[in-house]
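> generate coordinates for the sequence data below:
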Amino acid sequence: MNTSPVNTDAAASRPHRFDPAGGCPHADNARLLARGAVTEVVLPGGVQGMAVLGHDALKEFLAHPDVAKNAQHFAALQAGEIADGWPLKTFATVQGMTTADGTDHRRLRSLMGKAFTARRVAELQPRITALTTELLDNLGEAAAAGDGVADLRKHFALPLPMGVICELLGVDAEYHDRLHHLSNQIVATDIGPEEAMAANREMVEVLGAVAAARAANPGDDLTTALIAAREENGDRLSPHELLGTLMLTIIAGHETTLNLITNAVRALCTHREQLALAQSSKVSWADVVEETLRWDSPVSYFPFRYPTRDLTLDGTVIPEGTPVLAGYSAAGRDKQAHGPDADRFDITRDNTTTRHLSLGHGAHFCMGAPLARMEATIALKQLFTRFPDLDLAVPEPELPRHASFVGNSVQKLPVRVGARARL
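Predicted coordinates:
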């Protein structure tokens with residue numbers, strides 16, 4: 001029997017192996033940050049990669065001129081080493097802004113930018129406010145039917161951003177539930193090859209039907225505008241780019257805000273003194289949103305970027321062609337950037353000194369950031385005005401986590417909308 005002590009140095013130096021089932025990332029993030037700002041990782045299927053998780057290193061990496069998004073720079077993929085059905089393959093191969101560089105990226109971003117101008121987002125405020133009120137009615141009714149308990153994620157945090165983004169795109173309500181289910185499958189990291197390929201096929205079929213409906217009956221929506229742009233002599237979208245852009249817009253346009261609202265409610269319910277500050281208007285709801293983005297980023301590790309040459313970052317070499325993940329949840333709690341109390345949820349924190357990176361940085365900064373911020377701010381203010389004693393119906397550690405290390409949230413959020421729950 002071998003009684004030799006475990007070589008902890010060797011264990012600490014091993015590449016971090018992501019759990020496909022996801023889970024809360026923060027304990028692992030703290031351990032990895034103690035090693036350094038850049039770490040080797042093993043992705044599902046044994047694919048070798050790296051993650052950048054220190055704030056300063058990530059900020060440099062996201063804007064680095066020798067870092068690309070196009071999968072032509074993904075060495076293992078180009079060598080035929082990535083199998084069909086790999087759960088992260090869509091992140092690399094879908095055609096759209098998140099996988100485009102240079103001129104292509106600017107062209108696609110310019111087309112999309114027409115839907116996300118400051119004026120267009122501001123014009124959405126009355127609709128978002130009205131939809132929020134309607135959904136709070138539904139949440140109250142669901143709670144009344146459920147002995148005072150309702151799933152806030154299902155009845156409120158999900159239908160708000162899904163409804164808004166689908167209105168922008170001109171997607172009929174009949175598709176909403178299916179598109180959310182398919183989005184969940186596409187971002188899941190514990191999914192099997194057959195399921196992954198089936199989800200992608202069905203997503204393309206559904207979005208193809210949406211595009212066909214808008215082509216036959218044009219409207220004042222983004223899908224119609226994208227189709228029209230594709231038919232003009234100037235900027236053009238190929239059929240694959242159109243479907244890829246719709247897919248990315250739907251997934252990013254609702255999953256991120258869904259997680260943001262969910263995580264903010266969880267944080268406030270478990271930090272009642274912070275909630276009291278917001279309810280008394282001593283701190284703005286916009287500050288709540290920013291601190292949630294930093295403290296519990298809606299996206300944990302986002303795939304992929306690829307160095308176009310061997311790149312040294314914070315003393316670590318990232319080889320050319322390596323798939324690299326952006327560690328947003330880790331960067332948000334990096335004590336070197338956010339101070340020794342970075343692990344603490346504090347809505348009075350000055351987030352302007354060191355801005356979080358949870359919505360990106362550089363050329364690929366999230367185009368929908370102003371819309372996500374507006375939706376979350378309106379949602380939280382109205383929610384806790386309408387239900388000031390709202391609280392979790394189960395202990396926070398018992399909430400089931402996302403089956404993904406890409407998204408960062410819980411699958412359900414049962415709450416009591418009346419008197420504060422006693423856990």
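> C-alpha from now on. contacts and neighbour counts both.
OK.
> which regions of the protein sit below the pLDDT cut-off?
1-12, 230-236, 419-423 (pLDDT under 70).
> all strands of the stretch 101-250 of the chain, in order?
Here the stretch 101-250 of the chain has its strands, by DSSP state E, counting those that start in this stretch, at 149-151.
> in it, which spans are helices?
Using DSSP state H, counting those that start in this stretch, the helices of the stretch 101-250 of the chain run over 102-113, 118-123, 125-145, 152, 159-169, 176-187, 193-216, 222-231, 239-269.
> winner for burial among those?
The highest average neighbour count among the helices of the stretch 101-250 of the chain, using mean count of other Cα atoms under 10 Å, belongs to helix 152 at a mean of 25.
> what does that one contact?
By Cα atoms under 8 Å, 6 or more residues apart in numbering, the list of residues contacting helix 152 from outside reads 139, 262, 412-415.
> one step back: distance to Ala76 for the helices of the stretch 101-250 of the chain - can I get that in TSV?
Listed next are the helices of the stretch 101-250 of the chain as TSV, based on distance: least, Cα to Cα, whole Å:
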stretch	distance to Ala76
helix 102-113	22
helix 118-123	40
helix 125-145	43
helix 152	41
helix 159-169	34
helix 176-187	21
helix 193-216	18
helix 222-231	32
helix 239-269	22
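> from the contacts of helix 152, which is closest to His180?
Closest approach to His180 among these (Cα to Cα): Lys412, at 14.3 Å.
> can you pull the contacts of that closest one?
Here Lys412 is in contact with 151-154, 399-400 (criterion: Cα under 8 Å, 6+ apart).
> work out for me the element Phe384 sits within.
Per DSSP states H and E, Phe384 falls inside helix 369-386.
> name the helices or strands packed onto the next helix or strand after that helix?
Toward the C-terminus, helix 369-386 is succeeded by strand 391-392 as the next helix or strand (DSSP H and E). Applying 3 or more Cα pairs under 8 Å, 6 or more residues apart in numbering; DSSP states H and E, we find strand 391-392 packed against helix 239-269, strand 414-416.
> so the longest one versus helix 159-169, what angle?
Following axes from the mean of the first three to the mean of the last three Cα atoms, to 10 degrees, one obtains 150 degrees for the angle between helix 239-269 and helix 159-169.
> just the angle between the next helix-or-strand element following helix 239-269 and helix 239-269, please?
For helix 239-269, the following helix or strand on the C-terminal side (DSSP H and E) is helix 272-279. Relative orientation of helix 272-279 versus helix 239-269 (the same axes, to 10 degrees): 110 degrees.
> quick one: residues in contact with the helix or strand following helix 272-279.
Note on helix 272-279: by DSSP H and E, the next helix or strand toward the C-terminus is helix 285-295. Here helix 285-295 makes contact (Cα under 8 Å, 6+ apart) with 260, 263-264, 267, 278, 329, 332-333, 342-349, 351, 356-358, 373, 376-377, 380-381.
> just the buried residues of the residues you listed.
260, 263-264, 267, 278, 329, 332-333, 342-343, 345-347, 356-358, 373, 376-377, 380-381 (16 or more other Cα atoms under 10 Å).
> contacts only, for the spatially closest residue to Ala215 that is not a sequence neighbour.
Sequence neighbours aside, Thr224 is the residue nearest to Ala215 in space, at 6.7 Å (criterion: Cα to Cα, 6 or more residues apart in numbering). Shown in contact with Thr224 (Cα under 8 Å, 6+ apart): 169-170, 211, 214-215, 218.
> now the two most distant members of the residues you listed.
Applying Cα to Cα across the contacts of Thr224, the maximum distance is between Leu169 and Ala215, 12.5 Å.
> returning to what we had before: most neighbours out of the contacts of Lys412, which is it?
The residue in the contacts of Lys412 with the most neighbours, by other Cα atoms under 10 Å, is Leu152 (25 neighbours).
> distance check, Lys59 against Gly327.
For Lys59, the distance to Gly327 equals 11 Å [Cα to Cα, to the nearest Å].
> which one's more surrounded, the two?
Shown here are Lys59 and Gly327; by other Cα under 10 Å, Gly327 has more neighbours (27 against 19).
> now that one. Its backbone dihedrals?
Phi and psi for Gly327, reported as degrees, to the nearest 10, are phi -90, psi 80.
> how close does the closest residue to Ile250 other than its chain neighbours get to His338?
Excluding the flanking residues, the one nearest Ile250 by Cα to Cα, 6+ apart is Ile165, at 6.6 Å. Using Cα to Cα, we find Ile165 at a distance of 32 Å from His338.
> and Val52, by the same measure?
On the measure of Cα to Cα, Val52 and His338 end up 16 Å apart.
> how about Ser284, what does it touch?
Contacts here follow Cα under 8 Å, 6+ apart; on that basis Ser284 touches Ala278.
> cool, and Leu168?
Leu168 neighbours (Cα under 8 Å, 6+ apart): 115, 221-222.
> list the strands paired with the helix or strand containing Val41, with their directions.
Element membership for Val41, per DSSP H and E: strand 38-43. In the sheet, strand 38-43 lines up against strand 16-17 (parallel), strand 47-52 (antiparallel) (DSSP bridges).
> after the last one, next one along is what?
Following strand 47-52 in sequence order, the next helix or strand is helix 55-62 (DSSP H and E).
> return the alpha-carbon coordinates of that next one using CSV.
Extracted C-alpha coordinates of helix 55-62, given in CSV (Å, rounded to 0.1, in the frame of the first residue of the first chain):
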residue,chain,number,x,y,z
HIS,A,55,-9.1,41.2,-14.3
ASP,A,56,-6.2,43.1,-15.7
ALA,A,57,-5.0,40.1,-17.9
LEU,A,58,-8.5,39.6,-19.2
LYS,A,59,-8.9,43.3,-20.1
GLU,A,60,-5.6,43.2,-22.0
PHE,A,61,-6.6,39.9,-23.7
LEU,A,62,-10.0,41.0,-24.8
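> report the angle between that helix and strand 38-43.
Going by the same axes, to 10 degrees, helix 55-62 makes 70 degrees with strand 38-43.
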